[in-house]
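Chemist: predicted model and sequence below, questions to follow.
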Amino acid sequence: MSFFEEKNPEMDRYLETHASSEPEVLKKLRKETYQKTTQPHMISGYQQGRLLTIISKMIQPKNILEIGTFTGYATLCLASGLAKDGKITTLDINEDLAYIPQKYFSESEYSNQIDFKLCNAKDFLQQTDEVFDLVFIDADKESYAEYFRLIKPKTKSGSVLMFDNVLWYGKVLEEYPTLKSTQIIQELNNLIAKDDDFENLILPLRDGVNFLRRK
């Protein structure tokens with residue numbers, strides 16, 4: 001549950017009721033996530049999933065990168081907009097939960113377009129020479145600023161980036177934050193706002209999404 005959902009759960013329910021219906025495979029995945037994981041709130045969820053789906057379908061990317069797979073909900077939403085010859089590379093380090101996304105990826109119509117890697121995202125970014133049309137980051141918050149620096153050279157004009165949880169339950173408003181994660185998210189938001197190579201907007205959806213487009 002996000003900072004905003006806690007403030008107004010009635011509005012959150014209204015937003016979900018008046019959005020496109022959730023595909024059956026995602027309903028099943030969401031249910032299993034709540035049944036079998038200890039932190040089910042980490043799932044992208046219904047509202048954010050619809051946003052990712054629509055953005056991906058608008059862009060029709062050939063190459064997507066996702067950092068932070070968790071159980072694969074966002075992955076499947078992003079994959080739904082891939083070009084016919086496109087692919088999504090999704091990275092995570094949690095071997096214990098890998099069986100859940102692997103199960104749903106194999107069952108989905110996008111199974112041949114999803115490359116699920118259990119690896120360190122920083123290592124991957126330092127080694128790959130790929131350029132990405134769409135990037136979604138929902139992983140360890142203390143690495144957000146470094147992810148931005150590493151990802152930027154892997155983008156081109158028109159590339160879209162999204163960083164999740166950039167409002168951090170309202171903690172970004174703290175003048176003197178003590179948590180390292182809060183400090184890094186504040187640093188990320190400042191870096192993005194000052195980077196002339198991007199135009200951006202922070203969407204107050206759930207816990208905040210920093211939405212960027214490379215000029």
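Modeler: Okay, I see it. Keep in mind that what you see is a predicted model, and the values were worked out from it rather than measured.

Chemist: so where's this protein uncertain?
Modeler: 1-7 (pLDDT under 70).

Chemist: that's a strand at residue 91, yeah?
Modeler: Yes. Membership of residue 91 in a strand is supported by DSSP: H, G, I helix; E, B strand; the rest coil.

Chemist: how near is it to residue 132?
Modeler: Relative to residue 132, residue 91 is positioned 12 Å away (criterion: Cβ to Cβ, to the nearest Å). The way it works is simple: take the backbone N, C-alpha and C, and place the C-beta from them, glycine included.

Chemist: now the helices for this protein?
Modeler: 3-7, 9-17, 24-36, 45-59, 73-79, 99-107, 121-127, 144-151, 180-194 (DSSP state H).

Chemist: of these, which stretch is the most buried?
Modeler: helix 73-79 (a mean of 27; mean count of other Cβ atoms under 10 Å).

Chemist: CA-only coordinates of it in PDB, if you can.
Modeler: Output of helix 73-79 as PDB, limited to C-alpha atoms (Å, rounded to 0.1, in the frame of the first residue of the first chain):
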ATOM      1  CA  TYR A  73       3.700  -8.700 -13.000                       C
ATOM      2  CA  ALA A  74       5.300  -5.500 -14.500                       C
ATOM      3  CA  THR A  75       7.300  -7.600 -16.900                       C
ATOM      4  CA  LEU A  76       4.200  -9.100 -18.500                       C
ATOM      5  CA  CYS A  77       2.600  -5.600 -18.700                       C
ATOM      6  CA  LEU A  78       5.600  -4.200 -20.500                       C
ATOM      7  CA  ALA A  79       5.900  -7.200 -22.800                       C
END
